[in-house]
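**Q** Mind looking at a prediction? Sequence and model below.
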Amino acid sequence: MVDNQITTGRRLPLGVYLLAVSLFAMGSAEFLLAGVLPPAAQDLGVSLASAGSLISAFALGVVLGGPPLAIVTLGWPRKLTLVASQAVFALAVAVFLLADQFWVLLVARFVAGVAYAGFWAVAAVTAVGLVTAERTARASGVVVSGLSLSMIAGGPAGALVSHFTGWRGGFWGVVALTAASAAALALALPATGRREAPDVRGELRSMRQPRLWLVYAVTILSTASYMITFNYLAAILTGVTGLPEVWVPPVLALFGVGAFAGLAVGGRIADRRPFRALATGAGGIAASSVLLALFARAPIPAIVLVAALGVAGFVLNPAIYQRVFALADRAPTLAGATAVSAFQLGISLTPALAGAALHAGAALTAVAWIGAALAGLTLLAVRRDATSR
């Protein structure tokens with residue numbers, strides 16, 4: 001793998017931040033639909049459960065589509081792959097907004113998920129190729145911050161736009177921002193990529209390493225460990241803590257602030273001590289989850305713990321990418337795509353785990369206890385990875 005125009009200064013290159021903005025634009029579409037689901041279902045003339053399958057279609061596209069797309073585009077220049085993925089994504093979202101048959105909506109959401117996964121995987125590899133070896137985790141952390149921002153700000157902002165313009169309004173904003181970020185990447189991103197012929201068999205051989213799949217297990221478990229609590233924070237804050245609904249968005253924003261802090265800290269630790277970053281993050285998630293379950297009725301401690309959960313949850317992400325690229329340096333694109341699928345799988349597991357507990361009659365705070373247990377399993381997987389060298 002040969003990369004051009006690697007930046008050696010202390011500051012990260014502009015291309016890294018453009019990749020983060022692009023991921024923010026595309027990631028907002030994943031979280032936006034949940035915020036406009038009732039009016040979308042009513043407008044489309046389907047049940048709420050049927051409309052919810054549109055969320056699942058996107059997630060399925062991310063989980064199943066990323067690795068195959070990585071193989072198909074292996075011989076393409078990364079810049080071309082990135083811009084093409086954004087173009088396909090924007091087109092799929094536009095079809096989703098204009099179609100009047102439900103099966104077309106499902107297919108469009110699936111295709112958008114595939115394009116999103118393909119972009120995410122190549123973006124992480126590209127960011128690493130733009131910096132020197134000692135800043136790879138920091139660069140990938142900045143790119144992943146686009147996803148955290150889309151979860152905390154992009155989805156809610158799009159839902160607010162849709163409140164005034166109809167449920168499609170926020171999605172048209174996603175299309176416009178995706179097109180603008182694609183144009184910026186086409187103009188400003190240095191050319192990086194492979195000069196030699198792609199070696200698909202070599203990439204597949206690199207994926208056979210047991211330790212690499214151990215990192216994917218860490219990815220799934222750690223993502224599920226904080227997302228299961230995040231998904232029910234609004235319900236906990238209003239139903240257990242007793243906060244007025246008007247205070248929920250600012251508290252969720254604190255989670256986002258914590259996430260950015262975690263990415264910044266994790267990016268700096270992970271370049272030199274990835275296992276410390278992984279263990280610190282998993283331990284922090286476990287501690288924050290347990291304390292939140294115990295002190296959810298106390299407003300101030302609960303609010304502080306929401307921010308702490310954001311910090312701990314996102315401390316791990318740069319270290320995960322550092323481990324993936326260190327173990328699969330000969331298969332960065334396919335390995336990165338599989339890491340994206342693992343993140344999405346971790347997110348997708350949370351409704352089933354939380355639903356099982358709540359349907360069994362458990363209190364809302366049970367989701368935090370489940371999160372703590374998943375973080376404990378993450379610690380065991382990290383320890384296994386660290387001791388199997």
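**A** Structure's in. What do you need?

**Q** quick one: low-confidence parts of the stretch 251-389 of the chain?
**A** 331, 389 (pLDDT under 70).

**Q** So L82 sits against P190, correct?
**A** No - L82 is beyond contact range of P190, at 11.9 Å (criterion: Cβ atoms under 8 Å). Bear in mind the C-beta positions are built from the backbone N, C-alpha and C, glycine included.

**Q** higher neighbour count, these two?
**A** More neighbours surround L82 than the other of L82 and P190, with 26 against 17 (other Cβ atoms under 10 Å).

**Q** my guess is that one is in a helix, correct?
**A** Yes - under DSSP: H, G, I helix; E, B strand; the rest coil, L82 sits within a helix.

**Q** SS state for L364?
**A** coil.

**Q** Neighbours of it, how many?
**A** L364 has 19 nearby residues by other Cβ under 10 Å.

**Q** Spit out the contact partners of L377.
**A** L221 (Cβ atoms under 8 Å, 6 or more residues apart in numbering).

**Q** name the element it belongs to?
**A** helix 366-387 (DSSP states H and E).

**Q** Determine how far that helix lies from the middle of the whole chain.
**A** 19 Å (Cα atoms, centre = their mean, to the nearest Å).

**Q** again with stretch 240-256
**A** Going by Cα atoms, centre = their mean, where stretch 240-256 is centred and where its chain is centred differ by 22 Å.

**Q** Contacts for that stretch next, please.
**A** 148-149, 151-153, 156, 230, 233-234, 237-238, 296-299, 302-303, 306-307, 309-310, 363-365.

**Q** I'd like to know which of those residues are buried.
**A** Burial by neighbour count, 16 or more other Cβ atoms under 10 Å: within those this picks out 148-149, 151-153, 156, 230, 233, 237, 296, 302-303, 306-307, 309-310, 364-365.

**Q** From the residues you listed, which land in helices?
**A** 148-149, 156, 230, 233, 237, 302-303, 306-307, 309-310 (DSSP state H).

**Q** Just flag the most distant two among those residues.
**A** L149 and A302 (23.2 Å; Cβ to Cβ).

**Q** Just the C-alphas of the helix or strand harbouring V93, formatted as PDB.
**A** Counting by DSSP H and E, the element that carries V93 is helix 78-98. Taking C-alpha atoms only, helix 78-98 is exported to PDB below (Å, rounded to 0.1, in the frame of the first residue of the first chain):
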ATOM      1  CA  ARG A  78      -9.700   5.500  -2.400                       C
ATOM      2  CA  LYS A  79     -10.700   9.000  -3.400                       C
ATOM      3  CA  LEU A  80     -12.900   7.600  -6.200                       C
ATOM      4  CA  THR A  81     -14.400   5.000  -3.800                       C
ATOM      5  CA  LEU A  82     -15.300   7.700  -1.300                       C
ATOM      6  CA  VAL A  83     -16.900  10.100  -3.700                       C
ATOM      7  CA  ALA A  84     -18.700   7.200  -5.500                       C
ATOM      8  CA  SER A  85     -20.100   5.900  -2.200                       C
ATOM      9  CA  GLN A  86     -21.400   9.300  -1.300                       C
ATOM     10  CA  ALA A  87     -23.000   9.600  -4.700                       C
ATOM     11  CA  VAL A  88     -24.800   6.200  -4.400                       C
ATOM     12  CA  PHE A  89     -25.800   7.100  -0.800                       C
ATOM     13  CA  ALA A  90     -27.300  10.500  -1.900                       C
ATOM     14  CA  LEU A  91     -29.100   8.900  -4.800                       C
ATOM     15  CA  ALA A  92     -30.500   6.100  -2.600                       C
ATOM     16  CA  VAL A  93     -31.800   8.600   0.000                       C
ATOM     17  CA  ALA A  94     -33.400  10.600  -2.900                       C
ATOM     18  CA  VAL A  95     -35.100   7.500  -4.200                       C
ATOM     19  CA  PHE A  96     -36.300   6.700  -0.700                       C
ATOM     20  CA  LEU A  97     -37.900  10.100  -0.500                       C
ATOM     21  CA  LEU A  98     -39.500  10.000  -3.900                       C
END
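
**Q** Can you give me the buried ones in that helix?
**A** Going by 16+ other Cβ under 10 Å, helix 78-98 has these buried residues: 78-79, 81-86, 88-97.

**Q** go on, stretch 124-133?
**A** Buried, per 16+ other Cβ under 10 Å, within stretch 124-133: 124-131.

**Q** What about the residues you listed, which are in strands?
**A** Using DSSP state E to define strands, no part of the buried residues of stretch 124-133 is located there.

**Q** can you put those residues in JSON lines and add distance to P244?
**A** Shown next, in JSON lines, are those (distance: Cβ to Cβ, whole Å):
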{"residue": "A124", "distance to P244": "40"}
{"residue": "V125", "distance to P244": "45"}
{"residue": "T126", "distance to P244": "44"}
{"residue": "A127", "distance to P244": "41"}
{"residue": "V128", "distance to P244": "44"}
{"residue": "G129", "distance to P244": "48"}
{"residue": "L130", "distance to P244": "45"}
{"residue": "V131", "distance to P244": "45"}
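
**Q** and those, which of them are in helices?
**A** 124-129.

**Q** Reformat these as JSON lines; add distance to V324.
**A** Shown next, in JSON lines, are those (distance: Cβ to Cβ, whole Å):
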{"residue": "A124", "distance to V324": "8"}
{"residue": "V125", "distance to V324": "10"}
{"residue": "T126", "distance to V324": "14"}
{"residue": "A127", "distance to V324": "13"}
{"residue": "V128", "distance to V324": "10"}
{"residue": "G129", "distance to V324": "14"}
